[in-house]
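Q: coords please:
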Amino acid sequence: MATFSHHHLLLIFSLLTVTSAAPSFRPKALVLPVSKDPSTLQYTINLTQRTPPVSVPVTLHLGGPFLWVDCDRNYVSSTYRPARCNSAQCSLADSKSCGSCNSPPRPGCNKNTCGLSPENPFTNTATSGELATDVVRINSTDGANLGRVVTTPNFLFSCAPTFLLKGLAKGAQGVAGFGRTKISIPSQLTSAFNLPKKFAICLASSVSDEGVIFFGDGPYTLYPAPVVTAASLSYTPLLVNPSSTSDYYIGVTSIKIENTSVPINKALLLINKGKGGTKISTVHPYTIMESSIFNAVSSYFHKELKKEYMKYDGYNATIVKAVAPFKLCYDRSTLLITRPGVEVPTIKLVLQSEKVEWAINGWNSMVTVKDNVMCFAFVDGGKNTETSIILGGYQLEDNIVQFDLAKSRLAFHSFYLESRCSNFNFTIA
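A: Okay, the predicted model is just below:
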């Protein structure tokens, strides 16, 4: 499906804002397009914020605690309101600071306001920023098409200085935090419109297409696949890492290549004093594994691939010089490429839920890095890592991944052969 222009989306906002003011209208769910930046491989969304409305591109950070944007450059809004010290807003945001600013009052710098510490997760840089509210507008949806625009007038976010944008995708003006906090973007949107405390991401596998993010419950329609309902999803508990409470962890108990268990140190799969476990992240473009896990998985993957290719004439999976950040790469001409993707063994993450497995097929396990080179799309994270497995963006693509904040569980559905995440219909019903 053709990419839906953000300019078109802004036009829809301008056309529908008046009609969306009807007090009787209550959205069933909300929706945003999500893009992939070709240079940084970061995922970005456009929030419509401020008065008059401005499209604000921000980078998606699945575990980020809140929205922050650059207020130093061109932040103009008649509805901007700083959060005063000791207010309910400061308490909701769990703000620990109340400072004053010596500069003239402006967005990001007002006296007697509480602050938060916005962080750039790509450069691991943090600073101080003012907590404030402003208007946010977003399209409603029935799960299949765009609906009316709805408005939340007091959306909490943090201001940040321009230097914090370093390392973000081109044009990004901040970071969109989707983490497990009271003021993350999903928490605020679902609370504002009394929606189920859920959101779902469906990341497109091409930089020329747009995926989709839903706030609230399904069903989800991405043609031509059957409608994704609760019965279509597989479920597993979300775990909490006490050292990183806003991030999303799942319980991986073992890893299989096809149906053979890979021998790994299973103690690494547990969260122990803040370390270990498996985290889901959009900050990392590819899945990262602790060295011993990576070595075992990649070795078994190659062994199984060679065995599988014995039945195909002309395909022998020839290893070539590795291309960073990957360690296992192949001559593309020696791999069997089919319509769904490259024919390789399926990697299965066996989850804490009984008999639930997350299957990673060829289109999520192999990536083309040059015209004639394809690599195993997993990265060796080294020894003594804080997190044993970080499930990265590439492995999430063309999967519906739903985060149920109320029940603390994750649900997922792969569109393998059925559809693509770029197939949501971003037109008005």
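
Q: any idea which helix or strand comes after the strand ranked longest in the chain?
A: As assigned by DSSP state E, the longest strand anywhere in the chain is strand 146-160. Using DSSP states H and E, the helix or strand that follows strand 146-160 towards the C-terminus is strand 174-177.

Q: which secondary structure elements does that next one contact?
A: Helices and strands touching strand 174-177, as assessed by 3 or more CB pairs under 8 Å, 6 or more residues apart in numbering; DSSP states H and E, comprise strand 54-61, strand 68-70. C-beta: built from backbone N, CA, C; applies to glycine.

Q: on that earlier part again, what residues sit buried inside the longest strand of the chain?
A: Judged by neighbour count (16 or more other CB atoms under 10 Å), strand 146-160 contains these buried residues: 146-152, 155-160.

Q: and stretch 217-233, how far apart are its ends?
A: Start to finish, the residues bounding stretch 217-233 are 12 Å apart (CA to CA, to the nearest Å).

Q: residues making contact with it?
A: Counting by CB atoms under 8 Å, 6 or more residues apart in numbering, the neighbours of stretch 217-233 from elsewhere in the structure are 1, 28-29, 143-144, 195-196, 198, 200, 202, 212, 214, 400, 402, 411-413, 415, 418-421, 423-425.

Q: Filter the residues you listed down to just the buried residues.
A: Among the contacts of stretch 217-233, those buried by neighbour count (16+ other CB under 10 Å) are 29, 143-144, 195-196, 198, 200, 202, 212, 214, 400, 402, 411-413, 415, 419-421, 423-425.

Q: still on that earlier bit, narrow the contacts of stretch 217-233 to those in strands?
A: 29, 198, 200, 202, 212, 214, 400, 402, 411, 412, 413.

Q: Tabulate those residues (CSV), appending distance to residue 120 and pLDDT.
A: Rendered in CSV, the data for the ones in strands among the contacts of stretch 217-233 read as follows (distance: CB to CB, whole Å; pLDDT from 0 to 100):
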residue, distance to residue 120, pLDDT
29, 30, 97
198, 27, 98
200, 26, 98
202, 25, 97
212, 25, 97
214, 26, 98
400, 28, 96
402, 27, 98
411, 30, 97
412, 28, 96
413, 32, 93
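
Q: of all those residues, which two lie farthest apart?
A: Largest separation among the ones in strands among the contacts of stretch 217-233 by CB to CB: 29 and 412, giving 18.0 Å.

Q: ok, the closest residue to residue 329 other than its chain neighbours to residue 55 distance?
A: Spatially, and ignoring its direct neighbours in sequence, residue 329 is nearest to residue 375 (4.1 Å; CB to CB, 6 or more residues apart in numbering). Taken as CB to CB, to the nearest Å, the spacing of residue 375 relative to residue 55 amounts to 35 Å.

Q: quick one, which of those two is more surrounded?
A: Counting neighbours by other CB atoms under 10 Å for residue 375 and for residue 55 shows that residue 375 has the greater number, 24 against 15.

Q: In terms of helices and strands, where is the more buried one?
A: With the criterion set as DSSP H and E, the secondary-structure element containing residue 375 is strand 373-376.

Q: Packing partners of that strand?
A: Contact here means 3+ CB pairs under 8 Å, 6+ apart; on that basis strand 373-376 packs against helix 291-308, strand 329-331, strand 366-370.

Q: For residue 61, find the nearest of those.
A: Counting by CB to CB, residue 61 lies closest to strand 366-370 out of the helices and strands packed on strand 373-376; the figure is 22.0 Å.

Q: Could you chop the protein up by domain?
A: Following automatic domain parsing, one finds the domains of the chain at 6-216, 230-412.

Q: What is the distance between the shortest one and the centre of its chain?
A: Just to be clear, that refers to domain 230-412. 16 Å (CA atoms, centre = their mean, to the nearest Å).
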